[in-house]
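Enquirer: Below: sequence and its predicted model.
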There are 2 protein chains.
Amino acid sequence: MNDCTSKEKKFSDVVIPRILNYLKIVQQLEKNNKTNILSEEISRMTNTSAVLVRKDLANFGKFGQPGTGYDVSRLKNYLLDIIGGKEMSNLAVVGVGNLGSALLNYKGFEEEGLKFVAAFDKQEGKIGKICGNVIVEHIDNIGESIKRNNVHIGIIAVPSDVAQAVAGTLVESGVYSILNFSHVALSVPPEVTLRNVDLAIELKALRYFSVNR
Amino acid sequence: MNDCTSKEKKFSDVVIPRILNYLKIVQQLEKNNKTNILSEEISRMTNTSAVLVRKDLANFGKFGQPGTGYDVSRLKNYLLDIIGGKEMSNLAVVGVGNLGSALLNYKGFEEEGLKFVAAFDKQEGKIGKICGNVIVEHIDNIGESIKRNNVHIGIIAVPSDVAQAVAGTLVESGVYSILNFSHVALSVPPEVTLRNVDLAIELKALRYFSVNR
DNA sequence: GCGTGTGAAGGGTTTCACAGCA
DNA sequence: TGCTGTGAAACCCTTCACACGC
């Protein structure tokens, strides 16, 4: 097989972030007009063993050149196919504090297929303000706004004590993909895909691995 | 064995975040004056199977009561021992944009053993301002300030194009634990523990798992 | 009886060693 | 010769089934 045959294949939670890292790197290389890359180089840039890089990539079909390496733009396109990064995803942020603002103002999401289409807060002073490319709406508008803007992914960037309520509202409004930045364990129905980014846990994990090495 | 014997034991990258989640939950429960918890409940709150919860906990010695469950405050203390969460870690943030400010202003890190002691930016308007509990210093002060403040962990919250340079400065200044929020692959010497939180990758992973379920 | 603790089985992931191709 | 691709082995992680203790 010489084509990308693995669109049906499901990849695990270990593999996907790794592949997304490979993608990040080849996109970077393409911008710098590099046309070829070795598994050895990808390995160094991602802290992944070179064999594992090759194994991962070989999963999708063989598009490496023995003795030469991988063609950067070809690799990029295959990875995008697999990851589904070619269509735009519409994002909504709930909570326009510092974290919410950081997300909304981040340049570069859009060229990665991620687009903010709505933002919500309950603080009157923030409603109607422009943040990034969107106008902040009142949190009571979530239901209506999410349908109007065809939101795919909801991002929870509110204080912990209201995070669960916001999650409920998002789900009711039909958002089945949630990224949770709050420091509480959310409970959502099984059909919802939930991913947590807990900054305290990241810091503590880092601390653990610095000490225990 | 009935004691916590596993201080020497090293846990993997899969296990540690899970344990930190257990800890988060028992800390929460303790605040709510709950004194006892079943593996079944921890399971529901963390999306981890109950057997796995018991296996994880049994790693540290048996402190569950068959037929009854776990004593919350005893469990908390053991987990803190294992994770090393009893000493305070000093943190420094480089880049006081929205993300840096979000971190500096987050209430609750301190009671988790994480304390911000320094913040840096290169934008003149920000220098000298108070953010959270620290005064923002110029980025040129990193070397001196890090020694003065005994920084353990450096957090990179600057734009991608300067992230590598900042990483270099941190390492030169003696910071060997780095949490990187920028969207580039940093290269650091092997003695440095580096952990990456890439928001674009989190969003893309979430998208992948929403579609492929 | 109920819930924890644990050896054994099962499944998945990573490494090893080497085959194959430019 | 150099680098990719791949079966086999090793390793780790998770689940299963059940023993044990309150």
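Expert: Yep, that arrived. Residues are numbered from 1 along each chain as shown, chains lettered A, B, ... in the order given.
Enquirer: Just the buried residues of stretch A:69-76, please?
Expert: Across stretch A:69-76, burial judged by 16 or more other Cβ atoms under 10 Å in any protein chain shown covers A:G69, A:Y70, A:D71, A:V72, A:L75, A:K76. Placement of C-beta: from N, CA and C, glycine included.
Enquirer: how about the residues of chain A that lie near DNA strand D?
Expert: Counting by Cβ under 7 Å from any atom of the strand, chain A comes close to DNA strand D at A:38-40, A:50-51, A:54-55, A:57-58, A:62-70.
Enquirer: List only those of those residues flagged as buried.
Expert: Buried members of the residues of chain A next to DNA strand D, counted by 16+ other Cβ under 10 Å: A:S39, A:R54, A:L57, A:F63, A:G64, A:G69, A:Y70.
Enquirer: quick check, distance from the lengthiest strand in chain A to the centre of its chain.
Expert: What stands out as the longest strand in chain A, according to DSSP state E, is strand A:114-121. When C-alpha coordinates are averaged (Cα atoms, centre = their mean, to the nearest Å), strand A:114-121 and its chain have centres 14 Å apart.
Enquirer: Quick check: mean pLDDT of it?
Expert: Strand A:114-121 shows a mean pLDDT of 98.
Enquirer: where along chain A do the helices fall?
Expert: A:15-31, A:39-46, A:50-58, A:72-83, A:98-105, A:142-148, A:160-172, A:199-211 (DSSP state H).
Enquirer: What is the last one packed up against?
Expert: When contacts are defined as 3 or more Cβ pairs under 8 Å, 6 or more residues apart in numbering or on different chains; DSSP states H and E, helix A:199-211 packs onto helix B:15-31, strand B:89-94, strand B:114-121, strand B:153-156, strand B:177-180, strand B:193-196.
Enquirer: Same question for the fourth one.
Expert: Helices and strands in packing contact with helix A:72-83 are listed as helix A:15-31, strand A:36-37; criterion 3+ Cβ pairs under 8 Å, 6+ apart.
Enquirer: does A:L194 really touch A:N180, like I thought?
Expert: Yes - between A:L194 and A:N180 there is a contact under Cβ atoms under 8 Å: 6.3 Å.
Enquirer: Quick check: neighbours shared by those two?
Expert: A:L186 (Cβ atoms under 8 Å, 6 or more residues apart in numbering or on different chains).
Enquirer: Comparing the two, which shows the higher neighbour count?
Expert: When neighbours are counted by other Cβ atoms under 10 Å in any protein chain shown, A:L194 and A:N180 differ, and A:N180 comes out ahead with 24 against 21.
Enquirer: burial count for A:D161?
Expert: A:D161 has 9 nearby residues by other Cβ under 10 Å.
Enquirer: ugh, wrong one, A:Y176
Expert: With other Cβ under 10 Å as criterion, A:Y176 counts 17.
Enquirer: again with A:R148
Expert: Residues contacting A:R148 under the criterion other Cβ under 10 Å number 11.
Enquirer: A:L80 too?
Expert: Residue neighbour count, defined by other Cβ under 10 Å, stands at 15 for A:L80.
Enquirer: Bridged to the residue nearest the centre of chain A, which residues?
Expert: Geometric centre of chain A, nearest residue: A:L114, 8.2 Å, by Cα atoms, centre = their mean. Beta bridges link A:L114 to A:S89, judged by DSSP bridges.
Enquirer: Point out the residues in chain A that sit beside DNA strand C.
Expert: A:S12, A:V14, A:V15, A:S49, A:V51, A:L52, A:K55, A:Q65, A:P66, A:G67, A:T68.
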